[in-house]
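Participant: Return atomic coordinates for the entry below.
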Amino acid sequence: MTDYEDITYEVDDAAAIITINRPHRYNAFRGRTVEELIKAFRSAWADRSVQAVILTGAGDKAFCTGGDVKQRAETGDYGPTESGMFEIGYLHKVIRDIPKPVIAAVNGVAVGGGHVLHVLCDLSIASETARFGQAGPRVGSFDAGFGSAYLARVVGEKRAREMWFLCRVYDAATAERWGLVNAVVPPEKLLEEAKSWAAEIADKSPTALRFLKQSFNADTDHQAGLSNLAMSALDLFTASPEGLEGAAAFSEKRKAEFNKYVITH
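Facilitator: Numbering: from 1, shown residues only. Below is the predicted model:
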């Protein structure tokens, strides 16, 4: 598939640049977006000229704001796909499994499922205007797999729980201090810096990098099982009255009425 609707894909020297191209929805992903991202990552995987992948978002407002909650409120799902499935779990796996370093160039807001995408990338470079956070419990969603368990490996248990339980938004300086990103640069330098890092990677042994990435992943590969379980649970939860209330409240720009769903036993 070369004609993308929701993303753009280009190869610049030894770097594949994948851009989520839905700025009118703050680069939130629907089912088609996820399929196109998977195909683009697989294209980069197969291309011998590509030695690193840069993932970013279109515009200057958002890297990615996760699943398209408006789409979910309108249709009850994330829209049609070629496979008939919403394959966000498989996208997570592809980002981890591609034997080439993946650099997130975080150009704006990275929240919810978009925050998970940058966390799963091997390296993250942030614009000074970038903002980070989790929003699932606010909109009737969650990621109980890599998005929480692996996040705790990156920033520590206390901070990961804070991010999920409070759903606050953090600035780029805080993200760098927490070890959530590797570097922070001015917005106009972001893509240039990401390309510079990709060029440095291109000078290294691709076989050595492949083994190193697989070695780093081995320590947390067991979390893939949690991710599969979490995605199955999320399918059920988003169709429940509580999950639907979160999506509806977001779409209607009102406070969700979750108090009726408090578990007392």
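
Participant: And the helix or strand of the chain with the lowest mean pLDDT, what's buried?
Facilitator: Scoring the helices and strands of the chain by mean pLDDT, DSSP states H and E places helix 223-238 at the bottom, with a mean of 74. The neighbour-count check on helix 223-238 (16 or more other CB atoms under 10 Å) flags 223-224, 226-227, 230-231, 234, 237-238 as buried. C-betas here are computed from N, CA, C, even on glycine.

Participant: Going toward the C-terminus from that helix, what's the next helix or strand?
Facilitator: helix 241-252 (DSSP states H and E).

Participant: the helices in the stretch 101-250 of the chain, which residues?
Facilitator: 113-120, 136-139, 151-155, 157-166, 172-178, 190-202, 206-218, 223-238, 241-252 (DSSP state H, counting those that start in this stretch).

Participant: So for the second one, what gets flagged as buried?
Facilitator: In terms of neighbour count (16+ other CB under 10 Å), helix 136-139 has its buried residues at 136, 138-139.

Participant: What is the nearest of those to Arg30?
Facilitator: The shortest approach to Arg30 among the buried residues of helix 136-139 belongs to Val139, at 15.1 Å (CB to CB).

Participant: The residue nearest the centre of the chain: what's it in contact with?
Facilitator: Nearest to the geometric centre of the chain sits Leu117, at 1.7 Å (CA atoms, centre = their mean). With contact taken as CB atoms under 8 Å, 6 or more residues apart in numbering, Leu117 is in contact with 55, 63-64, 91-92, 95, 104, 110.

Participant: Just the ones of the residues you listed in strands?
Facilitator: Per DSSP state E, strands hold the following members of those: 55, 63-64, 104, 110.

Participant: Compare those residues and tell me which is most surrounded.
Facilitator: Ala110 (33 neighbours; other CB atoms under 10 Å).

Participant: confidence score at it?
Facilitator: Note on Ala110: pLDDT of 98.

Participant: can you pull the contacts of it?
Facilitator: 62-65, 104, 117-118, 130-133.

Participant: Out of those residues, which is nearest to Leu212?
Facilitator: Ala104 (18.1 Å).

Participant: Correct me if wrong: that closest one contacts Cys121.
Facilitator: Yes - with contacts counted by CB atoms under 8 Å, Ala104 reaches Cys121, the gap being 3.9 Å.
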